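Novice: Give me the fold of what follows.
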Amino acid sequence: MEVTHYEIQGPLLIKPRVFYDERGYFFESYNEDVFHKNGITAHFVQDNQSSSVKNVLRGLHFQHPPFDQGKLVRVLSGSVLDIAVDIRKNSPTYGQHLKVELSDENQFLFWIPPGFAHGFISLEENTIFLYKCTNLYDKNSESGILWNDPELNIDWGSSQPIVSEKDRELPLFKHIESRFEFKI
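Specialist: Okay, the predicted model is just below:
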């Protein structure tokens with residue numbers, strides 16, 4: 001596995017070594033030793049899966065502590081543009097975001113630790129997205145940021161994505177009350 005670190009501390013892109021032959025392919029999608037060596041010591045307690053038609057935008061979501069979630073995400077079929085926004089209030093990169101493309105072809109995994117809002121837009125029909133989460137879903141702790149917040153200036157690559165009513169009503173970044181702290 002090759003692990004990419006970013007200027008924004010925390011998120012990691014994991015590129016597994018994929019073995020192809022006439023039968024198809026095989027790869028290791030999780031290795032605790034490799035993850036621990038790269039600072040991911042999370043314990044995963046819940047898996048979620050979504051299916052989306054092309055141009056569906058989901059996000060930007062997070063859960064407040066103590067129900068905050070780290071997410072290890074990947075695409076089983078199709079492709080997405082995946083976004084992580086730093087919402088750790090004393091972080092030097094507070095309000096900045098990372099963008100990665102995840103697909104069934106590249107087989108990349110993206111680690112989004114607690115303290116980040118997360119969202120994605122589906123780039124293909126029938127995209128299947130898998131989330132491994134470090135905490136259980138808690139409705140009372142869920143929150144988010146409006147996907148097209150001008151302060152964040154995220155280029156989703158689509159002028160008219162399909163967004164749920166719930167996500168269209170999320171607050172602007174300047175109105176969220178982050179309970180996350182940046183830890184070195």
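
Novice: Output the below-cut-off pLDDT ranges for this structure.
Specialist: For the chain, the stretches with pLDDT under 70 are 184.

Novice: who's in contact with the residue positioned nearest the centre of it?
Specialist: For the chain, the residue nearest the mean C-alpha position is residue 118 (4.5 Å; CA atoms, centre = their mean). Applying CB atoms under 8 Å, 6 or more residues apart in numbering to residue 118 gives the contacts 59, 60, 61, 62, 71, 73, 82, 83, 84, 85, 112. Glycine gets a C-beta too; all of them are placed from N, C-alpha and C.

Novice: can these go into TSV with extra columns for secondary structure, neighbour count and distance to residue 20?
Specialist: Formatted as TSV, the contacts of residue 118 follow (DSSP: H, G, I helix; E, B strand; the rest coil; neighbours: other CB atoms under 10 Å; distance: CB to CB, whole Å):
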residue	secondary structure	neighbour count	distance to residue 20
59	strand	23	32
60	strand	28	35
61	strand	18	34
62	strand	29	36
71	strand	26	28
73	strand	22	23
82	strand	25	24
83	strand	25	29
84	strand	29	29
85	strand	26	35
112	strand	24	28
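
Novice: Of those residues, which is the nearest to residue 100?
Specialist: Nearest to residue 100, judged by CB to CB, of the contacts of residue 118 is residue 82 at 5.2 Å.

Novice: from memory that closest one sits against residue 99, does it?
Specialist: Yes: with contact defined as CB atoms under 8 Å, residue 82 reaches residue 99; the gap is 7.1 Å.

Novice: what's the closest of the contacts of residue 118 to residue 46?
Specialist: Closest approach to residue 46 among these (CB to CB): residue 71, at 9.9 Å.

Novice: How about the closest one, nearest residue that isn't a chain neighbour?
Specialist: Spatial nearest neighbour of residue 71, chain neighbours left out: residue 112 (4.7 Å); criterion: CB to CB, 6 or more residues apart in numbering.
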